[in-house]
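Participant: need a 3D model of the following:
(one chain, ligands or ions: 1)
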Amino acid sequence: MDLIFLGPPGAGKGTQADAIIKELKIPQISTGDIIRAAIREGTALGKEFKSYTDAGKLVPDELVNRMVDDRLRKPDCKPGFLLDGFPRTVAQAEALDRMLAAMGRKLQHVLLLEVADAVLLERITGRRSDPETGRVYHVKFDPPPPELAPRLIQRSDDTEAVLTKRLQEYHEKTAPLIPYYEKTKLLRRIDGVGSMEEIRKRIFAVLRG
Ligand code: AMP
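Facilitator: Numbers count the residues shown, from 1 in each chain. Reported below is the predicted structural model:
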């Protein structure tokens, strides 16, 4: 199944993606994760990426499109994929349409996880991740075991100031994808407020359609 996960930062895409990819046995392609890996490697491209992510701004389309095109051609994407954090602009969505057409593939669903801005701030600022396992916790909603607490880190863009900019980018540049995919009848709206289990059930109800 070829899927897109759409939604504002902190909507829970990463958390819910884990369950989807396990169930469907498809890879999760998170452009945010790919970008953070490049930043950790400290390459010239990584340094360029950091100047955007730390400011809460989107990385230029051409750079992200190329990364996704390369990634989708890898053999593990044969049975399908879950795009998480891509596309984020109409130009990226158009580029994706071209990539998929060139590969003879078609999207099945665009899952839109809907969460109000006011809820996102608390979710994002409480987010902590384990650098050893990649597991993401929340200090209040999904607290880590106490013994892990000292090694957990907060993403440098998960602060209130950067989130404000990320949300602005979302509303300006990413939200236009909602009518874009509504037109193609691929958009599936999912209420992203509730327990992790409730939201997971809503997503699977759509996938099992
Ligand atoms: P995320 O982990 O999806 O919240 O992404 C973190 C940051 O990486 C974003 O705030 C952007 O700076 C950058 N980024 C991730 N995906 C994209 C994308 N599709 N287009 C442009 N920038 C992106």
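Participant: which of the helices or strands spans the residue lying closest to Glu23 once chain neighbours are set aside?
Facilitator: Nearest residue to Glu23, sequence neighbours excluded (C-beta to C-beta, 6 or more residues apart in numbering): Phe204, at 7.3 Å. Yep, even glycine has a C-beta here, placed from its N, CA and C like the rest. With elements taken from DSSP states H and E, the one containing Phe204 is helix 196-208.
Participant: ditto for Leu100
Facilitator: If you go by DSSP H and E, Leu100 is part of helix 90-103.
Participant: can you list contacts of that helix?
Facilitator: Residues outside helix 90-103 that contact it (C-beta atoms under 8 Å, 6 or more residues apart in numbering): 2, 61, 64-65, 68-69, 72-73, 83, 86-87, 106-107, 176-177, 180-181.
Participant: average pLDDT across it?
Facilitator: What helix 90-103 shows for mean pLDDT is 98.
Participant: with stretch 181-190 instead?
Facilitator: Averaging the model's pLDDT scores along stretch 181-190 yields 98.
Participant: CA atoms only: put that stretch into CSV for me.
Facilitator: Only the C-alpha atoms of stretch 181-190 are listed here, as CSV (Å, rounded to 0.1, in the frame of the first residue of the first chain):
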residue,chain,number,x,y,z
TYR,A,181,-5.7,15.6,-2.2
GLU,A,182,-9.4,16.2,-1.6
LYS,A,183,-9.7,16.8,-5.3
THR,A,184,-8.1,13.4,-6.1
LYS,A,185,-10.5,11.7,-3.5
LEU,A,186,-7.5,10.3,-1.6
LEU,A,187,-7.8,12.4,1.5
ARG,A,188,-8.9,10.5,4.7
ARG,A,189,-9.5,12.8,7.7
ILE,A,190,-8.7,11.3,11.1
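Participant: ok, now how distant is Thr159 from Leu6?
Facilitator: Using C-beta to C-beta, to the nearest Å, Thr159 is found at 23 Å from Leu6.
Participant: who has more neighbours out of these two?
Facilitator: Legend: neighbour count by other C-beta atoms under 10 Å for Thr159 and Leu6, higher for Leu6 (28 against 14).
Participant: thinking again about what came up before, if we check the ligand, which of the contacts of helix 90-103 are in contact?
Facilitator: 64, 86 (C-beta under 6 Å from any ligand atom).
Participant: how many other residues sit next to the residue nearest to Glu23?
Facilitator: 15.
Participant: distance from the helix holding Phe204 to the middle of the chain?
Facilitator: Here the centre of helix 196-208 is set off from its chain's centre by 17 Å, with C-alpha atoms, centre = their mean, to the nearest Å.
Participant: before I go, just wanted to say thanks for your time.
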